[in-house]
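Enquirer: okay, predicted coordinates and the sequence, questions at the end:
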Amino acid sequence: MHRLFESITFPSDSWFSGSDFCIGQIIKMATMAAASSFAVASGSEPKATPKKIGFLNRTVTHAGLRCLNIVDKLQSRTTTQQLRKKHVKKQKAMPGVVMDCRSGMNMVFVGAEVGPWSKTGGLGDVLGGLPPAMAANGHRVMTVAPRYDQYKDAWDTGVAIEVKVGYITEKVRFFHCYKRGVDRVFIDHPMFLEKVWGKTGSKIYGPTTGTDYEDNQLRFSMLCQAALEAPRILNLNSCEYFSGPYGEDVVFIANDWHTALLPCYLKSMYKSKGMYETAKVAYCIHNIAYQGRFSFGDFSLLNLPDAFRSSFDFIDGYEKPVKGRKINWMKAGILESDKVLTVSPYYAEELVSGVEKGVELDNIIRKTGITGIVNGMDVQEWNPSTDKYISIKYNASTVMIAKPLLKEALQAEVGLPVDRDIPIIGFIGRLEEQKGSDILVEAIPQFIREKVQIIVLGTGKKPMEEQIQQLEILYPDKARGVAKFNVPLAHMIIAGADFILLPSRFEPCGLIQLHAMRYGTVPIVASTGGLVDTVREGFTGFQMGAFNVECDAVDLADVTAVASTIRRALKSYGTPALAEIIENCMTQDLSWKGPAKKWEEMLLSLGVAESNPGIDGEEIAPLAKENVANP
Ligand SMILES: Nc1ncnc2c1ncn2[C@@H]1O[C@H](COP(=O)(O)OP(=O)(O)O[C@H]2O[C@H](CO)[C@@H](O)[C@H](O)[C@H]2O)[C@@H](O)[C@H]1O
Ligand SMILES: OC[C@H]1O[C@H](O[C@H]2[C@H](O)[C@@H](O)[C@@H](O[C@H]3[C@H](O)[C@@H](O)[C@@H](O)O[C@@H]3CO)O[C@@H]2CO)[C@H](O)[C@@H](O)[C@@H]1O
């Protein structure tokens, strides 16, 4: 267990005013002033957040310093008055920025991936994109994820704690940077950095796809415990609107099985001792296929009281990782959180529809209930009018001129015959049964004689990688399969292809189709999960019907559905009908703005103290758009 530092008093606010401070710099300065203050030691339980702490020696009970502002609404609290003085000055420097002291919530997103620092797929995208959208609405937002590499933009805060993982106590450090209005906190320990040593890719969860690190339970137990400390102990002064620790009035947003222990530790280590009294946890399922099932005996590694055992208790008919009775992290995450969410309304329905789509947690989710909010996409990274990976920039009015040229660049890049009149179908995704690349490969003979080219990009299971690499040999003038994680090529495909294919057996939300639509690339999708919510047949794309979710074999009916829908889509190529679909795709708002509002409503309903709606509109969005992440 760990002990927190008792109190830290910084000499003056003048050191830290202004934006984009890195806590590392602050800590260095603070360390010079109060060298021993940061000694964080071991051996005891978490203590309540000191009442007098930090910056300005003010009372911090919740939001650190909640954002300041509108000059004519005086607040009675001394601290706010003091701080407003500072901000009245600032406001002159920023005409048009209008904020309210009472706005916003403290949010802490916790995940195993956070793009662009770490990403194997869509989880990283969401942890990268949703938090800045929340910050843009005036909330104070932190993400906590492992430090898998020496990110050049994240500094060592100098703050360290000790956490008990399994039977040993380990020291972890906190790194930090501030980007797009979000405090990005990274947990540093050799269990993360020494194993992965890279910004993205397959080694986050195991040495190769399909093989997990043996100590994953310890790694993610560490992540959860460190994430629970971060808002209490990190004295963050990243921007002029908020400073000091976030405090205890926070809402945690835990994502996927890796963070399922967070609500358990919150109860067992903090709430039971009168800490984090009003804090709440929203638990978001990005993919129910990965639940974190382990041997029943491993419960003792988690350092949780026996009372939690039943939340983890799980029996299935599988032998992996052991036969019979097991613990199931996701089950506990669902049961112990205050609210369960997933990434699209249709997937939420599928999850409770039965054992197949709910992957044996349907009964549990039926008990707790679940809300689906469709994902948004990062409209900065994926913007055809500024995209650094494509040679011609375009928008909805120039797409018809730009696309043929971008198509030629794509054909040349992958070594296909260069011909702007040949429609291209792209596929991007993790090569797992979920994504159905195996169904696509089997469907190819049924439509390959059409005028068409196919480009497949993905990494994942070795046999599936080999299968896509064979395409070039089987169809030298027609198909390419690239088994690499290649972001520039992903952008070139999204821009240069005419259609993007998602033959997913299941798809909680899917981001590829959103990226594609923004680039005027028409999605052809299986009718599952978020693909149902985001692609409208004949208006923004083509639906293929629902596929068989059994992953062991390829269902011939699905193969036929892929081939016949592709033929249908190809018939529309070059027609006014397709031009209209392209326009419909490109003129939608696919950003995080709408989803962020829904997330806000849902998080507010949890009733964390001092939580208020954010600011509607664009007032502070430009501030959050500063500092585009560039690790
Ligand atoms: N080889 C490669 N090279 C470059 N980039 C690659 C790539 N393979 C994948 N990507 C990128 O990874 C992301 C994948 O997004 P998906 O929505 O398909 O996520 P995924 O299934 O991993 O995540 C889960 O979580 C997300 C988020 O909630 C849900 O949308 C989704 O349905 C669910 O399965 C995209 O940004 C894509 O461009
Ligand atoms: O962002 C992409 C996905 O990332 C996460 O999925 C990972 C999953 O959580 C890990 O456990 C691991 O999954 C392996 C699984 O544990 C193992 O038993 C075997 O089935 O192979 C799986 C693949 O290696 O890696 C997954 C990423 O590949 C996140 O949970 C998902 O929501 C995201 O879609």
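Expert: Done, it's in. Ligands and ions are numbered 1, 2, ... in the order given.
Enquirer: please, which helix or strand holds the nearest residue to Ala260 once chain neighbours are set aside?
Expert: Nearest residue to Ala260, sequence neighbours excluded (C-beta to C-beta, 6 or more residues apart in numbering): Gly333, at 2.9 Å. The way it works is simple: take the backbone N, C-alpha and C, and place the C-beta from them, glycine included. Under the criterion of DSSP states H and E, Gly333 resides in helix 329-336.
Enquirer: quick one: contacts of that helix?
Expert: The contact list for helix 329-336 (C-beta atoms under 8 Å, 6 or more residues apart in numbering) reads 217, 220, 254, 256-264, 267, 281, 283, 285, 288, 290-294, 308, 311-314, 340, 361, 364-365, 367-368.
Enquirer: next structured bit after that helix?
Expert: That would be, after helix 329-336 and using DSSP H and E, strand 339-342.
Enquirer: residues from the stretch 501-631 of the chain in reach of ligand 1?
Expert: Counting by C-beta under 6 Å from any ligand atom, the stretch 501-631 of the chain comes close to ligand 1 at 507-512, 530.
Enquirer: among the residues you listed, the buried ones, what's the ChimeraX command?
Expert: Listed next is the ChimeraX selection for buried residues among these, using 16 or more other C-beta atoms under 10 Å:
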select :507,508,509,510,511,512,530
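Enquirer: what about the residues of the stretch 501-631 of the chain next to ligand 1, which are in helices?
Expert: Residues of those located in helices (DSSP state H): 512, 530.
Enquirer: okay, the residues of the stretch 501-631 of the chain next to ligand 1 in a markdown table with pLDDT next?
Expert: Shown next, in a markdown table, are those (pLDDT from 0 to 100):
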| residue | pLDDT |
| --- | --- |
| Glu507 | 98 |
| Pro508 | 98 |
| Cys509 | 98 |
| Gly510 | 98 |
| Leu511 | 98 |
| Ile512 | 98 |
| Gly530 | 98 |
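Enquirer: taking the residues of the stretch 501-631 of the chain next to ligand 1 together, which two end up most distant?
Expert: The distance between the two most remote of these (C-beta to C-beta) is 12.5 Å, for Pro508 and Ile512.
Enquirer: ok so, going back, distance to Val374 for the residues of the stretch 501-631 of the chain next to ligand 1 - can I get that in TSV?
Expert: As requested, these are exported to TSV (distance: C-beta to C-beta, whole Å):
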residue	distance to Val374
Glu507	12
Pro508	10
Cys509	6
Gly510	10
Leu511	11
Ile512	14
Gly530	6
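Enquirer: of the residues of the stretch 501-631 of the chain next to ligand 1, which is the nearest to Asp552?
Expert: Proximity of those to Asp552 (C-beta to C-beta) peaks at Glu507, which lies at 18.6 Å.
Enquirer: so who does the closest one touch?
Expert: When contacts are counted by C-beta under 8 Å, 6+ apart, Glu507 is found next to 347, 434, 525-526, 528-531.
Enquirer: next: Phe308.
Expert: 264, 268, 302, 332, 336.
Enquirer: also Leu514?
Expert: Listed by C-beta under 8 Å, 6+ apart, the contact set of Leu514 reads 375-377, 382, 534, 590.
Enquirer: can you rerun that using 10 Å?
Expert: Leu514 makes contacts with 125, 374-379, 382, 523, 530, 534-535, 585, 588, 590-591, as judged by C-beta atoms under 10 Å, 6 or more residues apart in numbering.
Enquirer: picking that back up, can the helix holding Gly333 be found next to ligand 2?
Expert: No - Helix 329-336 does not reach ligand 2 (C-beta under 6 Å from any ligand atom); its nearest approach is 9.4 Å.
Enquirer: CA atoms of that helix as CSV?
Expert: C-alpha atoms of helix 329-336 as CSV (Å, rounded to 0.1, in the frame of the first residue of the first chain):
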residue,chain,number,x,y,z
TRP,A,329,-12.4,-9.0,-14.6
MET,A,330,-15.0,-7.5,-16.9
LYS,A,331,-17.9,-9.1,-14.9
ALA,A,332,-16.6,-7.4,-11.8
GLY,A,333,-16.1,-4.1,-13.6
ILE,A,334,-19.7,-4.2,-14.7
LEU,A,335,-21.1,-5.1,-11.3
GLU,A,336,-19.0,-2.8,-9.2
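Enquirer: and Cys177, backbone torsions?
Expert: phi -150, psi 170 (degrees, to the nearest 10).
Enquirer: report how many residues lie close to it.
Expert: Per other C-beta atoms under 10 Å, the neighbour tally for Cys177 reads 24.
Enquirer: distance-wise, check Val182 relative to Met107.
Expert: 9 Å (C-beta to C-beta, to the nearest Å).
Enquirer: next to ligand 1, which bits of the stretch 1-150 of the chain? Give me the list.
Expert: By C-beta under 6 Å from any ligand atom, the residues of the stretch 1-150 of the chain that approach ligand 1 are 121-123, 125-126.
Enquirer: would you list the buried entries among these?
Expert: The buried subset of these - by 16+ other C-beta under 10 Å - is 121-123, 125-126.
Enquirer: what's the neighbour count on the residue lying closest to Phe242 once chain neighbours are set aside?
Expert: Spatial nearest neighbour of Phe242, excluding adjacent residues (C-beta to C-beta, 6+ apart): Arg140 at 4.8 Å. Counted with other C-beta under 10 Å, residues neighbouring Arg140 total 31.
Enquirer: state the distance from Arg140 to ligand 1.
Expert: In this view, Arg140 and ligand 1 are 23 Å apart by C-beta to the nearest ligand atom, to the nearest Å.
Enquirer: right, and that residue touches Tyr178 too?
Expert: No - contact criterion C-beta atoms under 10 Å: Arg140 and Tyr178 do not qualify, at 11.4 Å.
Enquirer: if I look at the two, which residues touch both of them?
Expert: With C-beta under 10 Å, 6+ apart as the test, Arg140 and Tyr178 both reach 236, 238-239.
Enquirer: for PyMOL, what selects the buried ones among those residues?
Expert: Selecting the buried subset of those in PyMOL, with 16+ other C-beta under 10 Å as the burial test, is done by:
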select buried, resi 236+238+239
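Enquirer: ok, and the closest non-adjacent residue to the closest residue to ligand 2 within the stretch 1-150 of the chain?
Expert: Per C-beta to the nearest ligand atom, Gly121 is where the stretch 1-150 of the chain lies closest to ligand 2, at 2.7 Å. Using C-beta to C-beta, 6+ apart and skipping residues adjacent in sequence, the residue nearest Gly121 is Arg430, 5.2 Å away.
Enquirer: from memory the one you found sits against Ala483, does it?
Expert: No - using C-beta under 10 Å, Arg430 makes no contact with Ala483, being 11.4 Å away.
Enquirer: find the residues that touch each one of these two.
Expert: Common contacts of Arg430 and Ala483 (C-beta under 10 Å, 6+ apart): 458-460, 464.
Enquirer: what's around the residue lying closest to Asn303 once chain neighbours are set aside, how many residues?
Expert: Spatially, and ignoring its direct neighbours in sequence, Asn303 is nearest to Lys164 (5.6 Å; C-beta to C-beta, 6+ apart). Neighbours of Lys164 under the rule other C-beta under 10 Å: 16.
Enquirer: Lys451: what secondary structure?
Expert: Following DSSP: H, G, I helix; E, B strand; the rest coil, we place Lys451 in the coil state.
Enquirer: need phi/psi at it.
Expert: For Lys451, the backbone dihedrals (degrees, to the nearest 10) come out as phi -80, psi 100.
Enquirer: ok, back up a step: tabulate the shared contacts of Arg430 and Ala483 (TSV), appending secondary structure.
Expert: Output for the shared contacts of Arg430 and Ala483, formatted as TSV (three-state DSSP):
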residue	secondary structure
Gly458	coil
Thr459	coil
Gly460	strand
Met464	helix
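Enquirer: what's the single longest helix in this protein?
Expert: The helix that spans the most residues within the chain, counting by DSSP H, is helix 216-233.
Enquirer: and that helix, how far out from the chain's middle?
Expert: Computed by C-alpha atoms, centre = their mean, to the nearest Å, the chain-centroid distance of helix 216-233 equals 17 Å.
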